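Novice: Fold the following.
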Amino acid sequence: MDPAEVQALFTRASGEFLFARWGRPIVPVVFGVEDATLAIVKGAIEAVVVLAGHRMAETDPELGANLMVFFFRDWAELPEVPNLDRLVPDLAPLCARLAAVGANQYRLFRFDATGAIKAAFVFLRMDEELSAVPADTLALNQAVQVILLWSDRAFADRSALARVRETVILRPEIGALIRAAYDPVLPPVAQDPSHALRLFARTQREEI
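Specialist: Predicted coordinates for the structure are as follows:
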């Protein structure tokens, strides 16, 4: 990737550049799947966290779990989840809007006082399209989507994943970018597009 492509991955449709990474250890919890799929999802999250050089933990002192992944069949199910409306403002209207447009996934982030990510919610409506995706591919893709605050247009034209023979892997340049994003020298939050140049420089240094 060149610097412009890196910048585009964090430039929202509104034209605003916004980069953020997690500012605390990630504590995932997964709802609506069997144990075998649960292990796959948590394994994918852990793999991406390790790739980033970030950390996981057993519990978050403020929220208990700070990365919540929900699998379900209908958006109408979510407002029925006890206490979820306390964590996700305007949950019922949000689900109604998503149902109206036929959405099958949605991600919501919460941020701490500095702007770093402190929690994320992943909602996956298992329609025919998502149900056809292998569990490991779906899990890896979602793990990548929540490790950073990507643009709302990121990966719209090209997936973060690639297929090598029968195996689906993270595109190497995206993996390098994730590692660069968690360089402790860099700030956890940036709104200046010049931050993309710093990210790009670190991906190039990694390739040398």
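Novice: measure A20 to G115 for me?
Specialist: Remark: distance between A20 and G115 (Cβ to Cβ, to the nearest Å) = 6 Å. To be clear about C-beta, it is placed using only N, CA and C from the backbone, and glycine gets the same treatment.
Novice: Low-confidence stretches in this structure?
Specialist: Counting by pLDDT under 70, the chain has low-confidence residues at 205-208.
Novice: any idea which element the residue nearest the centre of it lies in?
Specialist: What sits nearest the mean C-alpha location of the chain, by Cα atoms, centre = their mean, is V146, with 1.3 Å. Following DSSP states H and E, one finds V146 within helix 135-147.
Novice: The helix or strand that that helix is followed by pairs with which strands, and in what direction?
Specialist: On the C-terminal side of helix 135-147, the closest following helix or strand by DSSP H and E is strand 161-164. With DSSP bridges as the test, strand 161-164 is paired with strand 167-170 (antiparallel).
Novice: list residues touching both of A20 and G115?
Specialist: Common contacts of A20 and G115, defined by Cβ atoms under 8 Å, 6 or more residues apart in numbering, comprise 188-189.
Novice: Compare those two and say which is more crowded by neighbours.
Specialist: A20 (23 against 17; other Cβ atoms under 10 Å).
Novice: Name the nearest residue to that one, sequence neighbours excluded.
Specialist: Closest residue in space to A20, ignoring its immediate chain neighbours: L149 at 4.0 Å, by Cβ to Cβ, 6 or more residues apart in numbering.
Novice: ok, the one you found - contacts?
Specialist: With Cβ under 8 Å, 6+ apart, L149 has these contacts: 10, 18-21, 109, 117.
Novice: Out of those residues, who's the most crowded?
Specialist: F19 (27 neighbours).
Novice: bridging residues for that one?
Specialist: Beta-bridge partners for F19, by DSSP bridges, are A190.
Novice: what are the ranges of the strands in this protein?
Specialist: 19-20, 28-31, 67-72, 105-111, 117-125, 161-164, 167-170, 189-190 (DSSP state E).
Novice: between those, which gets nearest to T137?
Specialist: When the strands of the chain are compared by Cβ to Cβ, strand 167-170 sits nearest T137, at 4.7 Å.
Novice: Please report how far the residue nearest to A20 lies from T11.
Specialist: 12 Å.
Novice: circling back to that earlier point, counting contacts, what elements does the helix holding V146 pack onto?
Specialist: helix 35-52, strand 105-111, strand 117-125, strand 161-164, strand 167-170, helix 172-181 (3 or more Cβ pairs under 8 Å, 6 or more residues apart in numbering; DSSP states H and E).
Novice: Looking at those, spot the one closest to R97.
Specialist: Nearest to R97, of the helices and strands packed on helix 135-147 and by Cβ to Cβ, is strand 105-111 at 9.6 Å.
Novice: how far is the closest one from where the chain is centred?
Specialist: Put simply, strand 105-111 sits 8 Å off its chain's centre (Cα atoms, centre = their mean, to the nearest Å).
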